[in-house]
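S.K.: Sequence and predicted structure are below.
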Amino acid sequence: DSAEALPSVVFENIERCQPKCLEMLLENISGLTEDTDFTVELIPEINVAVATFIKNIDTKEFVEKCSQHKRVREFNMTARLLESTQSIKAENLPESISTDYLTVYFESTRNGGGPVSDVQLFPEENSAIITFCDHKGNS
């Protein structure tokens, strides 16, 4: 896979930058519009935000612009391409969910899935880690 095929950029160390400020900063750097051209998902538990680009851009160039941008450096944030993964975490699952059900669900091409190699249930968290045979199956 080429980096250009990955439409997401991870921003780390975001605690000093308010969510709306981060969105405006990304608009300023990219010249694009939030909601129309990209979305931002905050993951406060790990102090990260993920910008997913709806509009096709050169993400490597965007990451380079971010790393050189004065405000990004002032906030001590870093930007990097989101790497492909073979595993995803499913959360807020019903208590009665089975590994068989999750396997069949995530193997459904209609749901954007693909062949599943492993499902680990975490009943105490109502979550599971689903591992795919091929990272293309977790879009």
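M.R.: Noted; the coordinates are in hand.
S.K.: From here on, just use CA atoms for contacts and neighbour counts.
M.R.: Will do.
S.K.: Nearest residue to the middle of the protein?
M.R.: By Cα atoms, centre = their mean, the chain has its centre lying nearest to V50, at 5.1 Å.
S.K.: Which residue, neighbours along the chain excluded, lies closest to that residue?
M.R.: V10 (4.6 Å; Cα to Cα, 6 or more residues apart in numbering).
S.K.: Could you verify my assumption that that neighbour touches A79?
M.R.: Yes - V10 is within contact range of A79, at 5.6 Å (criterion: Cα atoms under 8 Å).
S.K.: Tell me who's in contact with the residue nearest to V50.
M.R.: The contact partners of V10, by Cα atoms under 8 Å, 6 or more residues apart in numbering, come to 48-51, 79-82.
S.K.: ok, then the element right after the lengthiest helix in the chain?
M.R.: Longest helix in the chain, counting residues (DSSP state H): helix 19-30. Downstream of helix 19-30, the first helix or strand assigned by DSSP states H and E is strand 38-43.
S.K.: Which SSE is immediately downstream of that next one?
M.R.: strand 48-53.
S.K.: Check which helices and strands the helix or strand just after that next one is in contact with.
M.R.: With elements assigned by DSSP H and E, the helix or strand that comes after strand 48-53 is helix 59-68. In terms of contacts (3 or more Cα pairs under 8 Å, 6 or more residues apart in numbering; DSSP states H and E), helix 59-68 is packed against strand 8-12, helix 19-30, strand 78-81.
S.K.: now helix 59-68 against helix 19-30, angle please.
M.R.: Going by axes from the mean of the first three to the mean of the last three Cα atoms, to 10 degrees, helix 59-68 is angled at 120 degrees with respect to helix 19-30.
S.K.: pLDDT below threshold where in the protein?
M.R.: Within the chain, the stretches with pLDDT under 70 are 1-6, 134-139.
S.K.: again, 50 this time
M.R.: Across the chain, the ranges flagged by pLDDT under 50 are 1-6, 137-139.
S.K.: Kindly supply the PyMOL command isolating those of the contacts of V10 that are buried.
M.R.: Buried members of the contacts of V10, defined by 16 or more other Cα atoms under 10 Å, are picked up in PyMOL with:
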select buried, resi 48+49+50+51+79+80+81+82
